[in-house]
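Enquirer: The sequence and its predicted three-dimensional model are supplied below.
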Amino acid sequence: MSALSKIPPDWLAEFEAAARRPLAQRFRYAFVRTYKPVLDDARYRSFDSMEEYRRWCEDNLPDWLGYGRV
């Protein structure tokens, strides 16, 4: 059984349709802008140390963003 035969037909049709689109259009659809609370609210931030940055992340960012310590 070939690798292509394992792909569901509707997925394959969508891939083939996307491959026919112009590159500029494919790039436009490839990236989804997602608002990240707190991170996107300031133009930039700077920290004197990595420890200060990590502490700021823990104190200010929602856990689901994944910037907390493990």
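Expert: Now that the structure is in, tell me what you want to look at. Residues are numbered from 1 along each chain as shown.
Enquirer: same question for stretch 38-51, mean pLDDT?
Expert: The average of the pLDDT scores along stretch 38-51 is 94.
Enquirer: start to end distance for it?
Expert: Taking CA to CA, to the nearest Å, stretch 38-51 runs 19 Å from one end to the other.
Enquirer: how far is that stretch from where the chain is centred?
Expert: 19 Å (CA atoms, centre = their mean, to the nearest Å).
Enquirer: switch to numbering from 739
Expert: Done: numbering now begins at 739, and the last item shifts to stretch 776-789.
Enquirer: can you list contacts of that stretch?
Expert: Residues outside stretch 776-789 that contact it (CB atoms under 8 Å, 6 or more residues apart in numbering): 791, 794, 798-800, 803. Where you see a C-beta, it was placed from the backbone N, CA and C, and this is true even at glycine.
Enquirer: Please work out which residues outside the helix or strand bottoming out on mean pLDDT in the chain touch it.
Expert: Using mean pLDDT, DSSP states H and E, helix 761-768 stands out as the lowest-scoring helix or strand of the chain, at a mean of 90. Around helix 761-768, the neighbours that count as contacts under CB under 8 Å, 6+ apart are 756, 759.
Enquirer: after that helix, next one along is what?
Expert: Following the chain from helix 761-768 toward its C-terminal end, the next helix or strand by DSSP states H and E is helix 788-798.
Enquirer: buried set for that next one?
Expert: Cys795 (16 or more other CB atoms under 10 Å).
Enquirer: what's the most distant pair in the contacts of stretch 776-789?
Expert: Tyr791 and Pro800 (16.5 Å; CB to CB).
Enquirer: Dump the contacts of stretch 776-789 to JSON lines, plus distance to Val776.
Expert: Converted to JSON lines, those look like this (distance: CB to CB, whole Å):
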{"residue": "Tyr791", "distance to Val776": "13"}
{"residue": "Trp794", "distance to Val776": "10"}
{"residue": "Asn798", "distance to Val776": "5"}
{"residue": "Leu799", "distance to Val776": "5"}
{"residue": "Pro800", "distance to Val776": "8"}
{"residue": "Leu803", "distance to Val776": "8"}
